[in-house]
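*Asks:* Predicted model and sequence below, questions to follow.
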Amino acid sequence: MSEAVHRATLSPASRTQIAKIGSTVLAQSERALILQEVSPRKTYPPVVYFPLEDVDQDRLLPSDHSSFCPIKGEAGYYSVKNGEEVVENAAWFYRDPLAGVAAVKGHVAFFGNKVTVEEV
């Protein structure tokens, strides 16, 4: 009997992905990656990772916040500027992701409770 492990899989998005706050588009990509993470007790919602080149980088503000995931590595964060509003720590990235998810290097993901991400 094999032991269940915490793992992540990556696949290319099959359709164009858009990230926005209200009507403001933060990112739009036909090259996004979908990360699906599964642990023995939980399946997490899929996460869309946008290539940094497809993100409005003028809206990204570096944050001092960081976190660590044993599957992906150390995450850095961006706050997002939307007009006069700043949405704190609304996006994250992996500068040096671990080997199993190395393809997310140079990509940004957005928190679904702060930014709307949808397929078009």
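*Replies:* Okay, I see it.
*Asks:* tell me the centre residue of the chain?
*Replies:* Ala109 (1.6 Å; CA atoms, centre = their mean).
*Asks:* and the next element down the chain from the helix or strand that contains it?
*Replies:* Per DSSP states H and E: Ala109 is located in strand 107-110. Going down the chain from strand 107-110, the next helix or strand is strand 116-119, by DSSP H and E.
*Asks:* Convert the C-alpha atoms of that next one to CSV, please.
*Replies:* These are the backbone C-alpha positions of strand 116-119, laid out as CSV (Å, rounded to 0.1, in the frame of the first residue of the first chain):
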residue,chain,number,x,y,z
THR,A,116,-10.9,38.1,-9.2
VAL,A,117,-9.3,35.5,-11.5
GLU,A,118,-11.4,34.0,-14.3
GLU,A,119,-11.2,32.3,-17.7
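*Asks:* start the count at 9, not 1, going forward
*Replies:* All set: I'll call the first residue 9, so the last point we hit is now strand 124-127.
*Asks:* Need the contact partners of it.
*Replies:* Ala21, Arg23, Thr24, Gln25, Ile26, Ala27, Lys28, Ile29, Val56, Phe118 (CB atoms under 8 Å, 6 or more residues apart in numbering). Where C-beta positions appear, they are placed from N, C-alpha and C, glycine not excepted.
*Asks:* please redo it, this time with the cut-off set to 6 Å
*Replies:* By CB atoms under 6 Å, 6 or more residues apart in numbering, the surrounding residues in contact with strand 124-127 are Arg23, Gln25, Ile26, Ala27, Lys28, Val56, Phe118.
*Asks:* By neighbours, which of those residues wins?
*Replies:* Highest neighbour count within these: Ala27, with 27 neighbours (other CB atoms under 10 Å).
*Asks:* I'd like the next helix or strand past the helix or strand that contains that residue.
*Replies:* Per DSSP H and E: Ala27 is located in strand 25-29. Counting by DSSP H and E, the element after strand 25-29 in chain order, helix or strand, is strand 32-37.
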